[in-house]
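1. need coordinates for the following:
(one chain, ligands or ions: 1)
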Amino acid sequence: MKKRYASTWESLKEHQVPKWYEDGKFGIFIHWGLYSVPAFAPQTWELGEVPPDETWFSNNPYAEWYYNSINVGYGPSYDYHVQKYGKDFKYEQFADMWKAEKWNPAEWARLFKKAGAEYVVLTTKHHDGFCLFPSEYTDYNAWRRGPQRDIVGDLTDAVREEKLRMGLYYSGIVDWTFADDPILNNEDLFHTASPTFAYADYAYNQSMELIDRYAPSVFWNDIGWPRQGEQNLPYLLSHYYNTVEDGVVNDRFNDLFHDFTTKEYQSGSANRREKWEMCRGMGLSFGYNAMESDDKIISIEDAISLLVSTVANNGNLLLNIGPRADGTIPEEQEKRLLAIGEWLRVNGEAIYGSRCSSRESIKYTDQIQVHFTEREGALYVLIDAKGRSQVAVTVPGLRGNAIPLDPEVDAEITAVDGGLCFTVKNFGSSQNIAVFRLN
Ligand SMILES: C[C@@H]1N[C@H](CNC(=O)c2cc3ccccc3o2)[C@@H](O)[C@H](O)[C@@H]1O
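-> Take a look at the predicted model:
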């Protein structure tokens, strides 16, 4: 019998995180839109590395922030824009330059499947207000302009064809088509963004059309929800759950409600006792940055290490790709997705469907950590030895027989007082993370 949620916080609090989200562990985030045309940002910091103040906002590494980065009237993106497009070129003119002429949503979905992802989250409307779906509340959308396609609908169909879950991102509180005061600090971001009841209704109406048209498995709201619309939220969220019973929402509704909490790069905190999700770009940006140098893009080994440490601590990893305006995925991003998929094909038994172990991760050095997961009565020991070709670690309190999941891993396991010593002589194809099942 399908549960019916009332539009009250009490009823919503009865919603449980669905098994598919607990089991899924790995999703692909996609930031694609008008900002993918200029595809420019300075390569400065990861979010959380420096305070969110004027220095961050006038040197914003997020290429999807291009509108604000030129709107502040100074800084590297402003200089780039004047030099490349001219002082009078309006951001809105990118709407007719974005053609997505090489886009093949089925190809994208096949790549995400090969990457071992279980779900996908696509931007439907980012802070610039341009919608990737035929919204009835604005013509500033990809059906009317640029690609002249229902990007959201076409990718949703392709992703579901590959039996992956489709999630939708919505920029709830920031929409620069309603309020575009230059943002130079977090106060601007949270308190002057879209201050009208008209915008609150707009955000509510668009969220309803996204839910009713696409029934997303994830409703991923960003930054916050319009304060003038907070009283709409219980109705919106109960409508969402009554439409998508095993749907999930994140914690960016002004801390009023969530199924899972979020981290972004170095920003935010997570605790093992509740479900959380880590999101980040491959480099310093979510939107494609054509200037990005390879040294700023996460290595394959570090991406898998992040997935392992996130999952072992009760999280999911939502790893972003920033496609080019023409619809192609940059090779360096595709390469990382395929390598993660390769690792998961060999070691995924310790990841998919696993649960957080009562054993906390052990950090021996900055390079050597051991993580644990549990699944169907088995304990998995995941030895992460960054940049090393061999390692020997003693894990206390373990006993029994440990088998490497990767047959190419050459390891010796010996019982020592009160634990097991793992001597890994060769990590095989497992990118310096060797996984053992303890029976
Ligand atoms: C996924 C990215 N989100 C950015 C906004 N980030 C946040 O609002 C934010 C970051 C963050 C970290 C910990 C807990 C809550 C948090 O909220 C947003 O500004 C970027 O352009 C990109 O879309």
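
2. please name the nearest non-neighbouring residue to Tyr85.
-> With CB to CB, 6 or more residues apart in numbering as the criterion, Tyr85 has its nearest non-adjacent residue at 7.5 Å, and that residue is Pro38. All C-beta spots, glycine's among them, are computed from the backbone N, C-alpha and C.

3. actually Glu118, sorry about that
-> Leaving out its chain neighbours, the residue that sits closest to Glu118 by CB to CB, 6+ apart is Gly24, at 3.4 Å.

4. ok, the one you found - how many residues close by?
-> Gly24: 20 surrounding residues under other CB atoms under 10 Å.

5. kindly report the same for the one 5 residues further on.
-> Other residues lying near Phe29 total 24 when counted by other CB under 10 Å.

6. surely it forms part of a strand?
-> Yes. The assignment for Phe29 (DSSP: H, G, I helix; E, B strand; the rest coil) places it in a strand.

7. so the nearest residue to Ile30 once chain neighbours are set aside, which of the three states?
-> Using CB to CB, 6+ apart and skipping the chain neighbours, the partner closest in space to Ile30 is Leu122 (4.6 Å). Following three-state DSSP, we place Leu122 in the strand state.

8. any idea how far the residue nearest to Phe130 when sequence neighbours are not counted is from the ligand?
-> Closest residue in space to Phe130, ignoring its immediate chain neighbours: Leu34 at 5.0 Å, by CB to CB, 6+ apart. In this view, Leu34 and the ligand are 13 Å apart by CB to the nearest ligand atom, to the nearest Å.

9. for Leu34, give me its contacts.
-> The contact partners of Leu34, taken as CB atoms under 8 Å, 6 or more residues apart in numbering, are 91, 94-95, 98, 128, 130, 146.

10. what comes up buried for stretch 57-73?
-> 57-72 (16 or more other CB atoms under 10 Å).

11. which one of those is nearest Ile362?
-> Proximity of the buried residues of stretch 57-73 to Ile362 was ranked by CB to CB; the top entry is Pro61 with 32.8 Å.

12. with adjacent residues omitted, what lies nearest to the closest one?
-> Excluding its sequence neighbours, the residue lying closest to Pro61 (CB to CB, 6+ apart) is Leu284, at 3.9 Å.

13. please apply the same query to Gly75.
-> Excluding the flanking residues, the one nearest Gly75 by CB to CB, 6+ apart is Ser58, at 4.0 Å.

14. and for Tyr21?
-> Tyr21 sits nearest to Val248 (CB to CB, 6+ apart), 5.0 Å away.

15. next one: Leu132
-> Once flanking residues are discounted, Leu132 sits nearest to Ile151: 4.0 Å by CB to CB, 6+ apart.

16. now swap in His127 and tell me
-> Spatial nearest neighbour of His127, chain neighbours left out: Val174 (4.3 Å); criterion: CB to CB, 6+ apart.

17. distance check, the one you found against Thr44.
-> For Val174, the distance to Thr44 equals 20 Å [CB to CB, to the nearest Å].

18. and for Asn221, the neighbour number?
-> Using other CB under 10 Å, Asn221 is surrounded by 23 other residues.

19. and what of Leu317?
-> By other CB under 10 Å, the residues close to Leu317 number 24.

20. and if you look at Phe26?
-> For Phe26, using other CB under 10 Å, the count is 23.

21. could you do Glu49 as well?
-> Glu49 has 13 neighbours, counted by other CB under 10 Å.

22. check Asp53 too.
-> By other CB under 10 Å, the residues close to Asp53 number 12.

23. which residues sit in contact with it?
-> 184-185.

24. mind running it again at 10 Å?
-> Asp53 sits next to 184-187 when contact means CB atoms under 10 Å, 6 or more residues apart in numbering.

25. now Ala434
-> Ala434 makes contact with 347, 381-385, 391, 404-406, 408-411, 422, 424, 426-428, according to CB under 10 Å, 6+ apart.

26. how much space separates it from Gly418?
-> From Ala434 across to Gly418, the span is 22 Å (CB to CB).

27. quick one, phi/psi of the residue of the stretch 301-439 of the chain found nearest the ligand?
-> Relative to the ligand, the nearest point of the stretch 301-439 of the chain is Asn320 (7.2 Å; CB to the nearest ligand atom). With angles defined as degrees, to the nearest 10, Asn320 sits at phi -90, psi 150.

28. quick check: it touching Gly281?
-> Yes. Between Asn320 and Gly281 there is a contact under CB atoms under 10 Å: 4.5 Å.
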